[in-house]
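*Asks:* take this sequence and fold it.
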Amino acid sequence: MKTQIIITKLFLSGLTVAASLVIGNQAFATSTQPTTPDKIITEASQKLSQLKVDKQYFSDKKSEQTIQLSDLEQKMKKIQISLEQLEEIESVTAISETTKSTKDQNVTLTTTFSPVPIQNSPIVEKKEQLTELKQQQALLKTTTEDITKKQAETVKQESQLTEKITQAKKQKEEQVKKTDARSMVINSAKTHLGKPYVYGAAGPDSFDCSGLVQVAFAAAGHALGRTTVDQESAGTTISVAEAQAGDLVFWGSHGGTYHVGISTGDGSYIHAPVPGDVVQVATVASYAPDFAVRVL
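*Replies:* I've put the predicted structure just below:
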């Protein structure tokens, strides 16, 4: 019996170790460090796989504990019945002996039972067995309650990670859409390379700077204003160094811009420069913009 109690205590220690693995997953679930959608999906999927292993572990252990509790209850029931029978037999025997003594001596006798248990008596042994089984039962119930709590934590974390993966996939889809839209803007602008600059023109055979930008973004399904001032307020201002393919680059100050181009993301941009020139690719080093704007 004592061996069973020791085994249960060892299991409680093992449960603590397993639980630490589950709790460790929370660090990831609550992480706020910026990362890419692909990395989020990969790491969350790995954590989710580990949680499924933990979930199965807890399920198996709870089943084992339930079986052990059932077995203990059956043993305790049998011992209790046996104990009651022994106590009843002892009581009848004591009454019988008292009655015999009364008849023999023709006097009234009072039977007094000693409160001190007889060593190695069946009743004492049964009571000791019952006490040990109750201790074992208490340990198993505590363990089962702990497992139930860990199962609830696991389910909660599974839900959090699943939602994290779902959101990361949506973010990835949005990024793909934006990348596709940026590519469409660049490709549209490139189709007009070599066409002459004409002030106020917006294609199809000639362009001014803002006209080229408006047409290129329209090809990607994104409507922009006609002037540089309209276009500089169409997104978020960033530095020229941060500009990626599809971002706009501007010359002049906010509210007073006089020229715009489309960044290609490699230190270059496409623009319609000045009268007498044509739509072309230029470098930041040759003609540096003052700031950039991210529209997509």
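*Asks:* now the helices for the stretch 51-200 of the chain?
*Replies:* 122-190 (DSSP state H, counting those that start in this stretch).
*Asks:* any regions of it where pLDDT drops low?
*Replies:* Low-confidence segments of the stretch 51-200 of the chain (pLDDT under 70): 95-120.
*Asks:* got the phi and psi for T283?
*Replies:* Here is the backbone geometry of T283 (degrees, to the nearest 10): phi -110, psi 150.
*Asks:* and it, bridged to which residues?
*Replies:* Counting by DSSP bridges, T283 is bridged to S268.
*Asks:* that one reaches G267, doesn't it?
*Replies:* Yes: counting by Cβ atoms under 8 Å, G267 is a contact partner of T283 at 5.9 Å. Glycine gets a C-beta too; all of them are placed from N, C-alpha and C.
*Asks:* any buried residues in stretch 277-296, and which?
*Replies:* V279, V284, P289, F291, A292, V293, R294, V295, L296 (16 or more other Cβ atoms under 10 Å).
*Asks:* residues touching the last one, list them.
*Replies:* Residues in contact with L296, defined by Cβ atoms under 8 Å, 6 or more residues apart in numbering, are K178, A181, R182, V185, A220, H222, G235, G246, D247.
*Asks:* and those, which of them are buried?
*Replies:* K178, A181, R182, V185, A220, H222, G246, D247.
*Asks:* between those residues, which is closest to D71?
*Replies:* Nearest to D71 among the buried ones among the contacts of L296 is K178, at 61.9 Å by Cβ to Cβ.
*Asks:* quick one: contacts for the closest one?
*Replies:* Applying Cβ under 8 Å, 6+ apart, we find K178 in contact with L296.
*Asks:* got it, and the one 5 residues further on?
*Replies:* With contacts defined as Cβ under 8 Å, 6+ apart, the neighbours of S183 are A245, G246.
*Asks:* now swap in L72 and tell me
*Replies:* L133, Q136, Q137, L140.
*Asks:* try 10 Å this time
*Replies:* Q4, L133, K134, Q136, Q137, L140, K141 (Cβ atoms under 10 Å, 6 or more residues apart in numbering).
*Asks:* equivalent analysis for S239, please.
*Replies:* S239 touches P289, D290, F291, A292, counting by Cβ under 10 Å, 6+ apart.
*Asks:* and which of the buried ones among the contacts of L296 is nearest Q151?
*Replies:* Using Cβ to Cβ, the buried ones among the contacts of L296 come closest to Q151 at K178, 40.9 Å.
*Asks:* state the distance from that closest one to V185.
*Replies:* According to Cβ to Cβ, to the nearest Å, K178 stands 10 Å off from V185.
*Asks:* between the two, which contacts overlap?
*Replies:* A220, G246, V295, L296.
*Asks:* how about these, which pair is most distant?
*Replies:* Farthest pair in the shared contacts of K178 and V185 (Cβ to Cβ) is A220 and V295. Separation: 9.7 Å.
*Asks:* who touches both of those two?
*Replies:* Contacts common to A220 and V295, judged by Cβ under 10 Å, 6+ apart, are K178, A181, R182, V185, G246.
*Asks:* do a quick rundown of the strands in the chain.
*Replies:* Taking DSSP state E as the test, the strands found in the chain are 236-238, 248-251, 259-263, 268-271, 280-283, 291-294.
*Asks:* now tabulate the shared contacts of K178 and V185 in a markdown table and tack on distance to K195.
*Replies:* A markdown table is the format used below for these (distance: Cβ to Cβ, whole Å):
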| residue | distance to K195 |
| --- | --- |
| A220 | 19 |
| G246 | 20 |
| V295 | 22 |
| L296 | 23 |
